[in-house]
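Peer 1: compute the structure for the input listed below.
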Amino acid sequence: MSATLSEDEIDDLLYFARTGDKQEFDVLKDELCRREKVDVVGLLEVAKDEGSGNGVLHMAAANGHAEFLSAICKELAIPSPQNPAMLAIINAQNLAGNTALHWAALNGHLDSVKVLLEQGGDPTITNQRGHDAVYEAELNDKQEVVDWVLKEGGEGLEEVVSGETADAAEEDNADADTAIDEDGGRTDENSNKLEHDLKDMHIQDNATSH
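Peer 2: From the prediction side, this is the model:
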């Protein structure tokens, strides 16, 4: 039986993921898991923003919280690493088709990209624009991410990226599902639920530190 969470509870979980506050996230997570009699997988399956489909991993990845992502993935890896339920959470797509890996990549958070790929993130998944995570990084001038993923992924991924068209790139620049801009402002027209609580938060851009 799936968990039943209130809108405020979902907002709080997403907020803690966005800010990378693992301690507060764990307190609420443990409380909700006990109450709903579910494990962390069951909780994350329903902890999504209704307007955008963004989940806990989307929010943490968009803001470069690699340690948060790693800790969550460790919990998801029970009973075994990269089990089907874990992979379903890691590769979950929001309403625009973007995964947590898309958001980590387009914001240039290489450490988060590494965590997600190591834990089973699929770099070949495409969003509704037909773009994979590497191409999103390329569009947003996150060359460090592009170079690392292509080096690790080999020729197959390179062919996917080179196969994208210039027209697609122009269309993507107008896409409403760009996660969170570098000034911390939300640019997703469909995601208003968290805007009031998060509008004063600033993204921690770690791209330049790698």
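Peer 1: what distance do you get for residue 81 to residue 145?
Peer 2: 24 Å (Cβ to Cβ, to the nearest Å). Just so you know, the C-beta spots here come from the backbone N, C-alpha and C atoms, and that holds for glycine as well.
Peer 1: so these two - more neighbours on which side?
Peer 2: The residue with more neighbours, out of residue 81 and residue 145, is residue 145; 27 against 14, by other Cβ atoms under 10 Å.
Peer 1: what residues are up against that one?
Peer 2: Counting by Cβ atoms under 8 Å, 6 or more residues apart in numbering, residue 145 touches 104-105, 108-110, 113, 134, 137, 207.
Peer 1: cool, residue 71 as well?
Peer 2: For residue 71, the contacting residues are residue 22, by Cβ under 8 Å, 6+ apart.
Peer 1: how about the one 5 residues further on?
Peer 2: Taking Cβ under 8 Å, 6+ apart, we find residue 76 in contact with 40-41, 44, 83, 85-86, 89-90, 119.
Peer 1: the residues you listed into JSON lines, with extra columns for distance to residue 69 and secondary structure?
Peer 2: Output for those, formatted as JSON lines (distance: Cβ to Cβ, whole Å; DSSP: H, G, I helix; E, B strand; the rest coil):
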{"residue": "40", "distance to residue 69": "13", "secondary structure": "helix"}
{"residue": "41", "distance to residue 69": "15", "secondary structure": "helix"}
{"residue": "44", "distance to residue 69": "12", "secondary structure": "helix"}
{"residue": "83", "distance to residue 69": "17", "secondary structure": "coil"}
{"residue": "85", "distance to residue 69": "17", "secondary structure": "helix"}
{"residue": "86", "distance to residue 69": "12", "secondary structure": "helix"}
{"residue": "89", "distance to residue 69": "11", "secondary structure": "helix"}
{"residue": "90", "distance to residue 69": "9", "secondary structure": "helix"}
{"residue": "119", "distance to residue 69": "8", "secondary structure": "coil"}
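Peer 1: filter those down to just the buried residues.
Peer 2: Using 16 or more other Cβ atoms under 10 Å as the burial test, the contacts of residue 76 include 40-41, 44, 85-86, 89-90, 119 as buried.
Peer 1: before we move on, which element is the residue of the chain positioned farthest from its centre in?
Peer 2: Distance to the chain centre peaks in the chain at residue 35, reaching 26.2 Å (criterion: Cα atoms, centre = their mean). Using DSSP states H and E, residue 35 falls within helix 22-36.
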